[in-house]
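Asks: Would you be able to build a 3D model of this:
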Amino acid sequence: MNDGLLQVESLRLHYRTTTGVVQAVDGVTFALDQQQALAVLGESGCGKSSLARAILRLLPRNVEAYDGRVRLHGMDVMALDEGRFRREVRWRQISIVMQAAMNALNPVLRVADQVIEPLLVHQGLPRHDALACVGEVFHMVGVPLDFMGRYAFELSGGMRQRVVLAMALILNPPLVLLDEPTSALDVLTQASIMNVLKRIKRDTGTSFMLITHDIATSSELADQVAVMYAGQLVEISDARRFFGAPLHPYSQKLMASVPRLQRGERPEYIAGRPPSLIDPPRGCRFTPRCPKRFAKCDQDPPLIHIEDGRQVRCWLYN
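Replies: Numbers count the residues shown, from 1 in each chain. Presented below is the predicted three-dimensional model:
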């Protein structure tokens, strides 16, 4: 592991349900440097959102298992009690943009009153000074200042997403987790939001962890790519190599499913369906759907380090 911004080691988050234990995050290890963007790709239900919640310790009541290490600037934040984590880490060091901006905003509060809250609670700023900070962040994300007095239902989907992004940036944290920040938005609005994120990353040095299943959108921002399948990371790569030639058979299928404007190939699909996280397949979890499976796939592969620095969880590269 390097000494960058974030190091996650063997992180595990399992949920207890009436039908069994859901292995949402199962031994995830990766690192993220400062001023970098990591795209976490994968199908719906593979554990991407649970990974973000595990890092920020936004846990539901039905947690069965939660362990591993999360280091921020070298400090193991998993060792902090909840009170200290809330005061020193959550929103000050790591913040999150949740899915569905309308659900993340209170419909009976004006948007400025929601963005201002961390400044009043965590920093104790006078309201006048805090509102000035909100105006600066609104300008950064492209929200007109006269929108500060509006309610969420008075804004378009794109403007609501920008307001939620402003909430995540208001304390200037070095790391922001983005959970499907462009879902349910039209193509032009998606492009506009991604341009805002790229400008913020360039101008402020903020690092992002972008959780998405939209491969085309992620390529606009990502410096690194981590592919998640059935609660595990199956490939970690720099973005240039990944989008040019992914290693894992699942990653290759994901890339083949993206329509290409300048090529004649028809998009492919992945046969079968994602496995249950209550009872995942033995060995490699992609085996039932993999066109390249062979006998050794019945054994669970580790993350194998390739000479060019990439990592892949597949026996083909052993």
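Asks: This protein: strands as residue ranges?
Replies: Using DSSP state E, the strands of the chain run over 6-17, 20-32, 37-41, 63-72, 75-76, 94-97, 175-179, 207-212, 224-229, 232-238, 304-305, 311-312.
Asks: so can I have a markdown table of these showing mean neighbour count?
Replies: C-beta: built from backbone N, CA, C; applies to glycine. Shown next, in a markdown table, are these (neighbours: other CB atoms under 10 Å):
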| stretch | mean neighbour count |
| --- | --- |
| strand 6-17 | 19 |
| strand 20-32 | 21 |
| strand 37-41 | 26 |
| strand 63-72 | 16 |
| strand 75-76 | 12 |
| strand 94-97 | 25 |
| strand 175-179 | 24 |
| strand 207-212 | 25 |
| strand 224-229 | 25 |
| strand 232-238 | 24 |
| strand 304-305 | 14 |
| strand 311-312 | 23 |
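Asks: looking at those strands, which is closest to Ala112?
Replies: Counting by CB to CB, Ala112 lies closest to strand 94-97 out of the strands of the chain; the figure is 17.5 Å.
Asks: Low-confidence stretches in the stretch 101-250 of the chain?
Replies: Applying pLDDT under 70 to the stretch 101-250 of the chain picks out no residues at all.
Asks: Could you find the closest non-adjacent residue to Asp308?
Replies: Arg241 (6.9 Å; CB to CB, 6 or more residues apart in numbering).
Asks: One more: Ala104?
Replies: Closest residue in space to Ala104, ignoring its immediate chain neighbours: Met98 at 4.5 Å, by CB to CB, 6+ apart.
Asks: okay, now that neighbour: neighbour count?
Replies: 20 (other CB atoms under 10 Å).
Asks: Please report phi then psi for it.
Replies: phi -80, psi 160 (degrees, to the nearest 10).
Asks: quick revisit: closest to His128 out of the strands of the chain?
Replies: Using CB to CB, these put strand 94-97 closest to His128, at 23.6 Å.
Asks: ok, back up a step: check the spacing between the residue nearest to Asp308 and Gln224 real quick.
Replies: 10 Å (CB to CB, to the nearest Å).
Asks: quick one on the thing from earlier: list the contacts of the residue nearest to Ala104.
Replies: 104, 164, 179 (CB atoms under 8 Å, 6 or more residues apart in numbering).
Asks: Turn the residues you listed into CSV, columns for distance to Phe138.
Replies: Listed next are the contacts of Met98 as CSV, based on distance: CB to CB, whole Å:
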residue, distance to Phe138
Ala104, 16
Val164, 12
Asp179, 21
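Asks: quick one: which of those is nearest Leu210?
Replies: Closest approach to Leu210 among those (CB to CB): Asp179, at 8.8 Å.
Asks: Arg150: neighbour count?
Replies: 16.
Asks: Any figure for the gap between it and Ser156?
Replies: Arg150 is 11 Å from Ser156, where distance means CB to CB.
Asks: Could you do Arg202 as well?
Replies: 25 Å.
Asks: What is the burial count for Ser276?
Replies: As a burial measure, Ser276 scores 14 neighbours (other CB under 10 Å).
Asks: residues in contact with it?
Replies: Shown in contact with Ser276 (CB under 8 Å, 6+ apart): no residues.
Asks: Pull up the per-residue confidence for it.
Replies: At Ser276, the pLDDT value in this model is 94.
Asks: Mind jotting down where the helices sit in the chain?
Replies: Ranges of helices in the chain, per DSSP state H, are 48-56, 82-88, 101-104, 111-115, 117-122, 127-141, 157-169, 187-204, 215-218, 239-244, 249-256.
Asks: Reformat those into JSON lines and put mean neighbour count and distance to Asn318 next to each item.
Replies: Shown next, in JSON lines, are the helices of the chain (neighbours: other CB atoms under 10 Å; distance: least, CB to CB, whole Å):
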{"stretch": "helix 48-56", "mean neighbour count": "23", "distance to Asn318": "26"}
{"stretch": "helix 82-88", "mean neighbour count": "13", "distance to Asn318": "39"}
{"stretch": "helix 101-104", "mean neighbour count": "17", "distance to Asn318": "43"}
{"stretch": "helix 111-115", "mean neighbour count": "22", "distance to Asn318": "50"}
{"stretch": "helix 117-122", "mean neighbour count": "16", "distance to Asn318": "47"}
{"stretch": "helix 127-141", "mean neighbour count": "16", "distance to Asn318": "46"}
{"stretch": "helix 157-169", "mean neighbour count": "23", "distance to Asn318": "40"}
{"stretch": "helix 187-204", "mean neighbour count": "15", "distance to Asn318": "36"}
{"stretch": "helix 215-218", "mean neighbour count": "19", "distance to Asn318": "27"}
{"stretch": "helix 239-244", "mean neighbour count": "17", "distance to Asn318": "19"}
{"stretch": "helix 249-256", "mean neighbour count": "20", "distance to Asn318": "14"}
